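Trainee: give me a model of this one.
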Amino acid sequence: METCLTNDRYVVVSRWNAECFKFNNMECSDIISEILKVGIHNYSFEHELQLKTKKPTPRLSLETVDGKTKRKFQVSWYTKYAWLSGSENLGKLFCYYCLLFRGEKTWGSDGISVMKNFDRKASKHAISKTHLTSQEQFMLLGANRIEHALSEGCRLAAIKHNENVSVNRRILKRLIHVVCFLGKQEIAFRGHNEDSSSINKGNYLELLDLLSREEQLLREHFMSNSVFKGTSSDIQNDLISCITSVLKTKISNELKKANFISIQADETTDVSCKSQMSIIFRYVVDNKIEERFIGFFDVSKDKSAFGLSEILLTEIKNWYIGGKLMCQTYDGAAVMAGQKNGVQAIIKQSYPKRNVHTFRSPKRSQLLREKGFKLPQSCETRWNYHSRAAATITTHFIELKKAITYRDLNLLYLTRSSSIFPIAIEISESNFEIIS
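Mentor: Numbering: from 1, shown residues only. Have a look, this model is predicted:
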């Protein structure tokens, strides 16, 4: 997440971090495939300047057979068409200008892999309006502004402004780290007395003071900046809101990937003795179980089953998970888990639970232990056998034969190493006689 800070206001901008794409030193093996994957709009201005000088021109093995004629890629095309670039991973040619500035789709994102009539197509593209617009933007990228070239004062002012923005970003980054740390540790932000003469100004201010002792940039900011220090209660609340927005976006993206979602709710009371309800979503993403805390909701006005269910139904609707809701979990209170008039019953009316198979159900496992039969193992000695094994087969011969020779059971899938294979063959292919 990138942040920027001005004198009297700040803006938190959520962007992809270019470092994640390993483009800091532009050492990527295939720049074009990475640009198409990431999107040029996710790169910073500095990285766009680096991209301007990194046009890839690999030797591609492109060939198109046209009847008896073979059309092959020619390296000389890179010289003939200064805007031409290639991708080894994709095996295609692109217009580098249109790729960077979203020009013509055929040359900018789809790419050219057919070599037939390439010169004709390239010449036509070179004079198209979209290409010329992209070429103009490419040439102007990083060029000095006219007013800066005419006025040295404007140029120096712009440099100074950019330096201030860079410093402010670093300051705001520290503030965000402090907010995230306090939230992660579940520590209160503010103190009873936050005056400069107070011994304990609260965790937020005290933690910033601790960091400023070791970091000169932060210390100079608090000493010199009289417009924005980032320590007021309003700034704290705004930072929390911005971070919450980013987290909700992440949770929302995870919920879109999840196939099934369960909701957990419970009532609790805060330090001010106000009743509130906590809501948690539980789901599986990329074979990993996730539990995301959604928030606390004030229920002091209406703690009935109807009032609690209204909040839950609203959140289910706001997060668009109604079609994926498969389970709901509450405590044992009658208001929450009541069979007829509880919250779960009301939610079930709007989102009926589907029939979900439960692995190792205690009741089913116990029933299987009581009713199930196990075939005793006999000794491998030729002239010895266990009477229990013979008695079990005799008693349940019909059931065993049905189970083994069941129509849907394909014996071809039974290998020779399977313990059931010899029994299956003998019962299905020969008559079974009991010798008394």
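
Trainee: dig out what residue 325 forms beta bridges with.
Mentor: With DSSP bridges applied, residue 325 shows beta-bridge pairing to residue 261.

Trainee: hmm, which helix or strand of the chain has the shakiest average pLDDT?
Mentor: None of the helices or strands of the chain scores lower by mean pLDDT, DSSP states H and E than strand 10-13, at a mean of 34.

Trainee: wait, what's in contact with residue 83?
Mentor: With contact set as Cβ atoms under 8 Å, 6 or more residues apart in numbering, residue 83 has these partners: 95-98, 126, 131, 135. Backbone N, C-alpha and C define where each C-beta goes, glycine included.

Trainee: and what of residue 286?
Mentor: With Cβ under 8 Å, 6+ apart, residue 286 has these contacts: residue 257.

Trainee: now do it against residue 250, distance only.
Mentor: 14 Å (Cβ to Cβ, to the nearest Å).

Trainee: how does this protein divide up, domain by domain?
Mentor: Structural domains assigned to the chain are 31-140, 152-241, 258-371, following the TED database.

Trainee: which of those sits most buried?
Mentor: Comparing those by mean neighbour count (mean count of other Cβ atoms under 10 Å), domain 31-140 ranks first with a mean of 16.

Trainee: and the end-to-end length of that domain?
Mentor: Terminal residues of domain 31-140 lie 21 Å apart, using Cα to Cα, to the nearest Å.

Trainee: same question for stretch 343-362.
Mentor: End-to-end distance for stretch 343-362, by Cα to Cα: 25 Å.

Trainee: pLDDT on it, on average?
Mentor: In this model, stretch 343-362 has a mean pLDDT of 70.

Trainee: got TSV for the domains of the chain, with distance to residue 389 too?
Mentor: Shown next, in TSV, are these (distance: least, Cβ to Cβ, whole Å):
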stretch	distance to residue 389
domain 31-140	63
domain 152-241	61
domain 258-371	19
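
Trainee: which of the ones you listed has the lowest mean pLDDT?
Mentor: domain 258-371 (a mean of 83).

Trainee: check the offset of that domain from the chain's centre.
Mentor: 23 Å (Cα atoms, centre = their mean, to the nearest Å).

Trainee: the contacts of residue 83: which two are farthest apart?
Mentor: Spatial extent of the contacts of residue 83 (Cβ to Cβ) is set by the pair 96 and 126 at 12.6 Å.

Trainee: what about the strands in the stretch 1-150 of the chain?
Mentor: Secondary structure of the stretch 1-150 of the chain (DSSP state E, counting those that start in this stretch): strands at 2-5, 10-13, 63-66, 69-72, 84-87, 92-95.

Trainee: so what's the nearest residue to residue 303 once chain neighbours are set aside up against?
Mentor: Of all residues not flanking residue 303 in the chain, residue 275 sits nearest, at 5.8 Å (Cβ to Cβ, 6 or more residues apart in numbering). Each residue near residue 275 by Cβ under 8 Å, 6+ apart is listed here: 267-269, 298-300, 303.

Trainee: mind redoing it with 6 Å?
Mentor: 269, 299-300, 303 (Cβ atoms under 6 Å, 6 or more residues apart in numbering).
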